[in-house]
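Enquirer: here is my input, please return the structure:
(2 chains)
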Amino acid sequence: MPSVMRPGRDIAIVAFGQTDHRRSSDELSEVEMLMPVLHQVLDATGLKTSDIGFTCSGSSDYLAGRAFSFTMALDGVGAWPPISESHVEMDGAWALYEAWTKLLTGEADTALVYAYGKSSPGSVRDVLTRQLDPYYVAPLWPDSVALAALQAQALIDAGDTDEPALAGVASRSRRDASANSHAQLRGSVPQGEYVVRPLRTGDCPPVSDGAAAVILAAGDRARELCERPAWIRGIDHRIEAHSLGVRDLTDSPSSRLAAERAGAFERPVDTAELHAPFTAQEVVLRKALKLGDDVTVNPSGGALAANPVMAAGLIRLGEAAARIHRGASDRALAHATSGPCLQQNLVAVLEGDAR
Amino acid sequence: MATVPSPEVLRAPLVVEFPFTRSLGPVQSAFLTGLRERVVLGVRCGDGRTLVPPVEYDPVTAEEIRDLVEVAPTGTVTTWAWNHEPRRGQPLETPFAWVLVKLDGADTALLHALDAPGPDAVTTGMRVRIRWAAERSGAITDIACFETYEGEAGGVQSAPHDGVFGDPVTGIVAPARLDYTYSPGRAQSDYLGALADRKVVGERCPSCHKVYVPPRGACPTCGVATTEAVEVGPRGTVTTYCIVNIKAKNLDIEVPYVYAHIALDGADLALHARIAGIPYDQVRMGLRVEPVWSDGGRFPDHYRPTGEPDADYDTYKELV
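Expert: Modelled structure (predicted):
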């Protein structure tokens, strides 16, 4: 049995901010969309940009249709005089992982992590085909809904779910999102027609523009900056074979392994923020992560209520942390995914100090 | 303070198109050449499984794998999804099913399209066979799609294959095109709007008071929004320059010419433009210049000397 990695230093999420997520924000450039969120987390902690030890971001050039698009966003973090900065061409959850690693080394005590995605300029279904195997798969242009639909059908065939159950996931998510003022789809949303059968409109995430930011801090610095820090007790990420036909699409062994290594199974969690853009993926993750009915899943509404690509995973970590900050959770699991059909998965376990 | 008015948002189509040229490894080369010859090859893993489509490294052990085998062009659907609205670039233009197909003799499934009259004609477990493209070049699209097949599964053994064909395919060209509607956001829309009136308008940082041009809506030093519009120029000072000696494709500017950084009067950031109206070897730091607009031009075609005395180095040294 693999051992659980113990962080060598206590590191916490001490602030979280996000934009209102919308179908289109074309009156704003990416940095204009991002800046209010950066100020939100800085204001919450009283930090200035010059106080931040390390900055890391996640975004994708393919959403903007422009090379090195993240460099434009750097204007929003005050990158002059020079700062210690890095970028991942992935969801911001992986930028958070990099920042956490940086803080573990002791080279920094605070980190600003942000992520943004404007899906509105292009067609996100087509854009995401460009992350597929370029030899055997991408030339067929299978879009993101089509691949998720193959996974959904595999689950239905396996008896793990059916269309009414998937509709239930959709309606619960949007109902829960009613309490989330940032969410794009809230309340009652029609399940709609098939997009790619068996997935209907309601089973798919909205196309969203949005951004999010968190601040990480180590040890006593975290206690100074936040009344109840969300301590990262463990975090791990794992990947599966890129070939869909090699994988069992009804399971997520990479999520399970990441959760195990992050210590998620040592004690029960009360909350899980799962990055499941499609209803069927929540079914897969609940099973893989052994989440019982007593766990509150996606009280924010999850990615079915707002799906700013490249920020939606970081938002799961932020939402879980925010629940700990305000005392609504004591031990939460946060999950982020990337790639088709849950190919890559990151799991973090967050805890608040005992009350 | 001159607060920037609410902008007319600019929009323009943006097409990103590229013919990605990719080289193939030995296993991919054999597989794609095989498709051209109507032969489907898989590769045997260390645990005895046959992977189709084949890869060069075992997905479990990461061992290099090279043992090619031939599998049947018939197989079984392991999962499917009905696509009633095919999108650009997809294998069929009529409604079809996406399918994962485990070919007879293979242990893993291949993604492709299934031609079927409707979703009621598709089930997991149904038998299908490859419909070959009439013209084949050594690409996954040499399989036009799958079609229904009445034959039973079973009894098919994969057979070793040397993977050798005449004129092997060693690379593929995978054209990609994505369409966007580009919108530059508020600050750059305002800048472009002013430029249409032959004005250069920057934005001042409320914290450090520097004027940025072109503005991007944020001060890169302070990390705050810039909101106050400030007209700068039209005259400016060359802060630094280079002499271009290589003619760019499709550019009708004679070489050598000078490309310079120009600090417009009132701006705290230099922008770059071509200098003309002066022999290239007489351009210098400190040269005072002004914009020259061509008829219908949406930005200055170039800058030319104003005839003023050169600017003192101390006046622009912060902007070099």
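Enquirer: quick one: the strands in chain A?
Expert: With strands called from DSSP state E, chain A shows them at A:11-18, A:54-58, A:85-88, A:110-118, A:194-196, A:199-200, A:209-218, A:230-239, A:271-273, A:296-297, A:331-338, A:344-351.
Enquirer: can you say which of these is nearest to chain B?
Expert: Of all these, strand A:194-196 sits nearest to chain B, with 5.0 Å by C-beta to the nearest C-beta. Backbone N, C-alpha and C define where each C-beta goes, glycine included.
Enquirer: and that closest one, which strands flank it?
Expert: strand A:199-200 (antiparallel) (DSSP bridges).
Enquirer: show me where the stretch 1-150 of chain B has helices.
Expert: B:26-36 (DSSP state H, counting those that start in this stretch).
Enquirer: residue ranges with poor pLDDT in it?
Expert: Where the stretch 1-150 of chain B drops to pLDDT under 70, the residues are B:1-7.
Enquirer: swap the cut-off to 50 and go again
Expert: B:1-4 (pLDDT under 50).
Enquirer: what residues does the stretch 151-300 of chain A have near chain B?
Expert: Listed as neighbours of chain B in the stretch 151-300 of chain A under the rule C-beta under 8 Å from any C-beta of the partner chain: A:151-154, A:157, A:194, A:196-199, A:241, A:243-246, A:249.
Enquirer: counting neighbours, what do you get for the residue of the stretch 251-355 of chain A found nearest chain B?
Expert: Nearest residue of the stretch 251-355 of chain A to chain B: residue A:340, at 10.0 Å (C-beta to the nearest C-beta). The local packing of residue A:340 (other C-beta atoms under 10 Å in any protein chain shown) involves 26 other residues.
Enquirer: ok, now which ones touch it?
Expert: The neighbours of residue A:340, taking C-beta atoms under 8 Å, 6 or more residues apart in numbering or on different chains as the test, are A:128, A:131, A:132, A:144, A:147, A:148, A:244.
Enquirer: which residue packs closest to the second one, ignoring adjacent ones?
Expert: Read it as residue A:131. The shortest distance from residue A:131 to any non-neighbouring residue, by C-beta to C-beta, 6 or more residues apart in numbering or on different chains, is to residue A:339 (6.4 Å).
Enquirer: count the neighbours of residue A:355 for me.
Expert: Residue A:355 is flanked by 6 other residues according to other C-beta under 10 Å.
Enquirer: hmm, back to that, okay if I get the strands of chain A as a markdown table plus mean neighbour count and mean pLDDT?
Expert: Shown next, in a markdown table, are the strands of chain A (neighbours: other C-beta atoms under 10 Å in any protein chain shown; pLDDT from 0 to 100):
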| stretch | mean neighbour count | mean pLDDT |
| --- | --- | --- |
| strand A:11-18 | 27 | 98 |
| strand A:54-58 | 26 | 97 |
| strand A:85-88 | 17 | 96 |
| strand A:110-118 | 29 | 97 |
| strand A:194-196 | 23 | 98 |
| strand A:199-200 | 24 | 98 |
| strand A:209-218 | 29 | 98 |
| strand A:230-239 | 22 | 97 |
| strand A:271-273 | 26 | 98 |
| strand A:296-297 | 18 | 98 |
| strand A:331-338 | 27 | 98 |
| strand A:344-351 | 27 | 98 |
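Enquirer: closest one to residue B:78 among those strands?
Expert: Set against residue B:78 and scored by C-beta to C-beta, the strands of chain A come closest in strand A:194-196, at 16.8 Å.
Enquirer: and that closest one, how far from the chain's centre?
Expert: 24 Å (C-alpha atoms, centre = their mean, to the nearest Å).
Enquirer: residues in contact with that strand?
Expert: A:143, A:145-146, A:148-149, A:200-201, A:203-204, B:81-84, B:98.
Enquirer: now those residues as a markdown table including distance to residue A:6?
Expert: Below are the contacts of strand A:194-196 laid out as a markdown table (distance: C-beta to C-beta, whole Å):
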| residue | distance to residue A:6 |
| --- | --- |
| A:143 | 42 |
| A:145 | 40 |
| A:146 | 42 |
| A:148 | 36 |
| A:149 | 41 |
| A:200 | 44 |
| A:201 | 44 |
| A:203 | 39 |
| A:204 | 39 |
| B:81 | 43 |
| B:82 | 48 |
| B:83 | 47 |
| B:84 | 51 |
| B:98 | 44 |
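Enquirer: quick check on these: which are buried?
Expert: A:143, A:145, A:146, A:148, A:149, A:200, A:203, A:204, B:81, B:82, B:83, B:98 (16 or more other C-beta atoms under 10 Å in any protein chain shown).
Enquirer: what is the nearest of those to residue B:29?
Expert: Nearest member of the buried ones among the contacts of strand A:194-196 to residue B:29, counting by C-beta to C-beta, is residue B:98, at 26.3 Å.
Enquirer: distance check, the closest one against residue A:244.
Expert: To residue A:244, residue B:98 is 10 Å away according to C-beta to C-beta, to the nearest Å.
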